[in-house]
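Trainee: Structure for this input, please:
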Amino acid sequence: MDQGDHLNVKNLLRTATIAMAIVLAVLFAAACEDREPQDVAFEMEIVGGELTGDESTLTVNQRDTVTIDWTSDLPLLVHLHGYNIEAQVGPGVTAPMNFEAHATGRYDIFIHAAEGVLKADSAMDDMDDMDDMSSMDSPSDSSSTDHTDHVTTDTAGTSVRERLIATLEVRP
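Mentor: Down below sits the predicted model:
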């Protein structure tokens, strides 16, 4: 290979490298293009303290406007940890959660019930009064992924059972 051929190969490689860089930059810009926020709605039903259906992970994108309509056959407080949004739900009541998905990550959704409303085996028990449930304090453990119950105490000193029932995943 003489010096002229060597220069032609170098020029060809340089041109190919520049062309590849331009193509990659265009593809990267298209992938990073701002997506318009969407209105996303979910209808979630709780029966006997358990979520019905197969959708236990709700997936949305950051900046989406989210509506989760909750129904339950038991008086419960539904709590979206991390966003600290609560909805009181019970027989004949649809409780909406409306919010903008501003924070990315995975957030547990728990139900909270007065002792006696939920049993560890998920069978229905006597339905106790849930009027004081909205003022209770509960630990937020976003790393928990099991569907076991935890017993806490609300601000009135009443034993409260909480159960993980779903997860919200907010993607960037």
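Trainee: in this protein, which ranges drop under the pLDDT threshold?
Mentor: Within the chain, the stretches with pLDDT under 70 are 1-4, 6, 27-33, 115-116, 118-160.
Trainee: Please enumerate the strands of the chain.
Mentor: With strands called from DSSP state E, the chain shows them at 39-47, 50-51, 57-61, 65-72, 76-80, 85-89, 95-100, 105-114, 149-153, 159-171.
Trainee: right, so those: which one is the most enclosed?
Mentor: strand 76-80 (a mean of 24; mean count of other C-beta atoms under 10 Å). The C-beta positions use only the backbone N, C-alpha and C, and glycine is treated the same way.
Trainee: packing partners for it?
Mentor: strand 65-72, strand 85-89, strand 95-100, strand 105-114 (3 or more C-beta pairs under 8 Å, 6 or more residues apart in numbering; DSSP states H and E).
Trainee: one more time with 7 Å
Mentor: strand 85-89, strand 105-114 (3 or more C-beta pairs under 7 Å, 6 or more residues apart in numbering; DSSP states H and E).
Trainee: Grab the CA positions of it and hand them over as PDB.
Mentor: The C-alpha trace of strand 76-80 is given here as PDB (Å, rounded to 0.1, in the frame of the first residue of the first chain):
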ATOM      1  CA  LEU A  76     -59.600   0.800  54.900                       C
ATOM      2  CA  LEU A  77     -57.100   3.600  54.600                       C
ATOM      3  CA  VAL A  78     -55.000   3.200  51.400                       C
ATOM      4  CA  HIS A  79     -51.500   4.900  51.700                       C
ATOM      5  CA  LEU A  80     -49.100   5.500  48.900                       C
END
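Trainee: Give the pairing partners of it; include direction for each.
Mentor: strand 85-89 (antiparallel), strand 105-114 (antiparallel) (DSSP bridges).
Trainee: how much space is there between residue 102 and residue 62?
Mentor: To residue 62, residue 102 is 7 Å away according to C-beta to C-beta, to the nearest Å.
Trainee: Of the two, which one has the most company?
Mentor: Using other C-beta atoms under 10 Å as the criterion, residue 102 and residue 62 rank with residue 62 on top: 15 against 10.
Trainee: Contact partners for the more buried one?
Mentor: Each residue near residue 62 by C-beta atoms under 7 Å, 6 or more residues apart in numbering is listed here: 101-102, 104, 170-172.
Trainee: ok, 6 Å please
Mentor: Going by C-beta atoms under 6 Å, 6 or more residues apart in numbering, residue 62 touches 101, 104, 170, 172.
Trainee: Please apply the same query to residue 97.
Mentor: Residue 97 neighbours (C-beta under 6 Å, 6+ apart): 68, 85, 87.
Trainee: With that, I have no additional questions.
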